[in-house]
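Visitor: the following comprises the amino acid sequence and a computationally predicted model.
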Amino acid sequence: MSSSAVPGSGPAVPAAPSVRPSGFTWWKVLVTGAVGAAVVNLIVLAVAKLAGASLVVVDGGQEHPITVGGVIGASVVPLVVGTGAALLLALWKPVFLRIAQYVGGGLALLSVAGPLSSGSDGGTVAALSLMHLTLGAAVVITLTLHRRHR
């Protein structure tokens, strides 16, 4: 029996698809985390205001009102600085992403002591505590997004 097929010319194997980045670059993840934390904390502020919380913190005998600008600043700056530092360190050693998740989440839990020890009303204490926890969750989620999509 003769065959006209060329040896080794089995069925063609399709080429593997090229690897594309997911679109979650470090700066996109950082901006998404910061905006997400700020939006959630502004929602918490609005709900606390509607619920009748005083939204005033007494520190050293002085009253400090909780404002929209203060909430945005306190949500964005720590997340961008801490998470940004972790992303930069991860360029050197990727393990810093995991370490920063634990440290960021732990610091957020520890920072809840501030609102809990303030002499504010219950609604204000609850809102501020939730805002601190939201920021910690945003740090952990932001770094998880970067770890999974890099």
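Guide: That came through, no problem.
Visitor: what is the lengthiest helix in the chain packed up against?
Guide: Identified as the longest helix of the chain according to DSSP state H is helix 122-148. If you count contacts as 3 or more Cβ pairs under 8 Å, 6 or more residues apart in numbering; DSSP states H and E, helix 122-148 packs onto helix 26-50, strand 56-59, helix 68-92, helix 95-111, helix 113-117. For every residue, glycine as well, the C-beta is placed using N, CA and C.
Visitor: residues in contact with the lowest-mean-pLDDT helix or strand in the chain?
Guide: The element with the least model confidence among the helices and strands of the chain, by mean pLDDT, DSSP states H and E, is strand 56-59, at a mean of 86. Applying Cβ atoms under 8 Å, 6 or more residues apart in numbering, the contact partners of strand 56-59 are 63-66, 115, 118-120, 124, 128.
Visitor: out of those, who has the most neighbours?
Guide: Highest neighbour count within these, by other Cβ atoms under 10 Å: residue 128, with 27 neighbours.
Visitor: how close does the closest residue in space to that residue that isn't next to it in sequence sit to residue 50?
Guide: Excluding its sequence neighbours, the residue lying closest to residue 128 (Cβ to Cβ, 6 or more residues apart in numbering) is residue 115, at 3.6 Å. Distance, residue 115 to residue 50, by Cβ to Cβ, to the nearest Å: 19 Å.
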